[in-house]
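Student: what follows is a protein structure lacking sequence information:
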DNA sequence: CCACCTTGTAACAAAAACAGTTACATTTTA
DNA sequence: TAAAATGTAACTGTTTTTGTTACAAGGTGG
């Protein structure tokens, strides 16, 4: 089971999308998510690096940087997981075994295809789809 | 990043598929995977419950139970992850916030669709595809 | 039939991953 | 210039994952 960073990131962006004209502080967002403000700032930092939100040291609050219908869930996924692979492959299989020798490259190939399928679906859904569901 | 149980499970089944007429012990398999025999027996137990392999207390070795082209990677995934959701959703968001109130059900919906896309691709690939790649 | 080997499983241990927290330098602004 | 917020490092507690020890119970071959 994948950790909850994507879940929290979408929560943060949903708030910013719902209040596009306000600057929401990490303290305020943390109360909605029910976590610590530092956790929010950590994930906000990843979203900022990807250009999805604007924040600045010293200036209170975050603001969404792009229209919600232009933000794909894949953008958010890539922001919070960067280049992590979806599935781990076990390390150091036995190179003297015909299976062990090639299992890693084989699984890498296979798992990349699975990951691509997942990412395609993440690309099909936008932040606006989320907010529409939230407020309908 | 998801743990390596699927990776190890596919390794085990690849060995059994490669040697369908031999009974491979957990000790032998563990040496190919490079882990402890108990780890192999734990995962083998999950594969047995799903009817993918045959093992019996007292009798040495495991044998594959179905032709490799009939075993979808989704079967293996479901064997080792049973009913785990793909993505975690953060707990106890603030019910007094319009986003917090509905974010969980919304994300549940969304993440189920993503999971379905991933499972569809896992269903498209068989154990035989893996062994063909291994031995080509 | 009995010594030997294996599986299945529980219990424990070590290591890694996660989430939460404290602390504080830096930056802005009222 | 005092107050307040961000960014980030460092640390802690918890949970998950993986590895290990131990052993009962089931089969096998001599």
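Tutor: Looks like it arrived, so ask away. Given the structure is predicted, the values throughout are model-derived calculations rather than measurements.

Student: of all the residues in chain A, which one is nearest DNA strand C?
Tutor: Nearest residue of chain A to DNA strand C (Cβ to the nearest atom of the strand) works out as residue A:58 at 2.4 Å. Placement of C-beta: from N, CA and C, glycine included.

Student: and that residue, backbone torsions?
Tutor: phi 90, psi -40 (degrees, to the nearest 10).

Student: does any bit of the strand ranked longest in chain A sit next to chain B?
Tutor: Ordering each strand of chain A by length in residues (DSSP state E) puts strand A:59-64 first. No - taking Cβ under 8 Å from any Cβ of the partner chain as the criterion, strand A:59-64 and chain B are apart, separated by no less than 13.0 Å.

Student: mind checking how far that strand is from the chain centre?
Tutor: 19 Å (Cα atoms, centre = their mean, to the nearest Å).

Student: buried ones in it, by neighbour count?
Tutor: Residues of strand A:59-64 classed as buried by neighbour count (16 or more other Cβ atoms under 10 Å in any protein chain shown): A:61, A:62, A:63, A:64.

Student: which other residues reach it?
Tutor: With Cβ atoms under 8 Å, 6 or more residues apart in numbering or on different chains as the test, strand A:59-64 has contacts from A:12-13, A:16-17, A:20, A:22-26, A:29, A:44, A:52-55.

Student: ok, back up a step: mind putting the buried residues of strand A:59-64 into JSON lines with pLDDT?
Tutor: JSON lines is the format used below for those (pLDDT from 0 to 100):
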{"residue": "A:61", "pLDDT": "96"}
{"residue": "A:62", "pLDDT": "98"}
{"residue": "A:63", "pLDDT": "98"}
{"residue": "A:64", "pLDDT": "98"}
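
Student: ok, is the longest helix belonging to chain A in contact with chain B or not?
Tutor: As assigned by DSSP state H, the longest helix anywhere in chain A is helix A:98-124. Yes - Helix A:98-124 comes into contact with chain B (Cβ under 8 Å from any Cβ), by way of A:98-100, A:102-103, A:106-107, A:109-110, A:113-114, A:116-118, A:120-122.

Student: likewise for stretch A:49-57?
Tutor: No - if you take Cβ under 8 Å from any Cβ as the test, stretch A:49-57 misses chain B, and the best it gets is 15.1 Å.

Student: ramachandran angles for the most far-flung residue of chain A relative to its centre?
Tutor: Here the centre of chain A is the reference, and by Cα atoms, centre = their mean the most remote residue is residue A:96, at 39.4 Å. With angles defined as degrees, to the nearest 10, residue A:96 sits at phi -90, psi 0.

Student: isn't residue A:55 up against residue A:44?
Tutor: Yes - counting by Cβ atoms under 8 Å, residue A:44 is a contact partner of residue A:55 at 5.8 Å.

Student: these two: which has the busier surroundings?
Tutor: In terms of neighbours (other Cβ atoms under 10 Å in any protein chain shown), residue A:44 is the more surrounded of residue A:55 and residue A:44; the figures are 23 against 18.

Student: what sits against residue A:90?
Tutor: B:4, B:7, B:8, B:11, B:33, B:34, B:35.

Student: residue A:89 now?
Tutor: Contacts of residue A:89 (Cβ under 8 Å, 6+ apart): A:103, A:104, A:107, A:108, A:111, B:4, B:7.

Student: same check, this time on residue A:29
Tutor: Contacts of residue A:29 (Cβ under 8 Å, 6+ apart): A:11, A:12, A:15, A:37, A:40, A:44, A:62.

Student: residue A:25 now?
Tutor: So residue A:25 contacts A:37, A:60, A:61, A:62 (Cβ under 8 Å, 6+ apart).
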